[in-house]
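S.K.: could you look at this predicted model? Sequence included:
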Amino acid sequence: MAVAVVAMAAAMPVVADAGVALVKYEVTGGESIAKSLTGKPGDAAKGRGLAIHRKKGNCLACHAMPIPEQSFHGNIGPDLAGVASRYSAGELRLRLVDATIVNKDTIMPAFYRTAGLHRVLKKFKDKTVLKAQEVEDILAYLLTLK
Ligand code: HEC
């Protein structure tokens, strides 16, 4: 039992927004969140760091990305090189906030959602993986991938 709990804790992302209410956002056309979650521009350099970070975005677990200094790149999801040419900022924001809105069966984690997450440890309940500003920072980085 103790082993199972430890394994689960290791699989869970570290959670950022303790007790902070979720920013309300509006989904347009079922595929885009046009408005910034924070009203503050994202920082692409920070976003790149968060994307690589194993306990934050951990995007490389599933995606190849133009990040040569990291040796492991996953291939469960599409290569993110050029992703900003394929999607608008609003479409990318939606995928970061909650990719299940566009594909309810996706295995991509909902980075800015608390409701309906499965197998969440008590201490992670009602918390999001990324803070609102961290979503905006990763988005700013993705927008550099033209
Ligand atoms: C557990 C695996 C997993 C993780 C972690 C993950 N993704 Fe994904 N992602 C996917 C899969 C699978 C898809 C394919 C679309 C689907 O499943 O609906 C996808 C799709 C996408 C898309 C759309 C790409 C396209 O070309 O259609 C973007 C953008 C994206 N992910 C960004 C990210 C970013 C940024 C991160 C890190 C913050 C991330 N993903 C973390 C699995 C993951």
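M.R.: Noted; the coordinates are in hand. Numbering: from 1, shown residues only.
S.K.: which element follows the lowest-mean-pLDDT helix or strand in the chain toward the C-terminus?
M.R.: The weakest-scoring helix or strand in the chain, judged by mean pLDDT, DSSP states H and E, is helix 2-11 (a mean of 46). Toward the C-terminus, helix 2-11 is succeeded by helix 44-52 as the next helix or strand (DSSP states H and E).
S.K.: and that next one, how far out from the chain's middle?
M.R.: Helix 44-52 has its C-alpha centroid displaced from the chain centroid by 11 Å (Cα atoms, centre = their mean, to the nearest Å).
S.K.: same question for stretch 31-40.
M.R.: The chain centre lies 14 Å from the centre of stretch 31-40; the measure is Cα atoms, centre = their mean.
S.K.: with stretch 59-68 instead?
M.R.: Relative to its chain's centre, stretch 59-68 lies at 13 Å (Cα atoms, centre = their mean).
S.K.: ok, it near the ligand or not?
M.R.: Yes - counting by Cβ under 6 Å from any ligand atom, the ligand has neighbours in stretch 59-68: 59, 61, 62, 63. For the C-beta atoms, the positions are set from N, CA and C on the backbone; glycine is no exception.
S.K.: what residues does this protein put near the ligand?
M.R.: 51, 57-59, 61-63, 76-78, 80, 83, 86, 92, 95-96, 99, 103, 106-109, 111, 138, 142.
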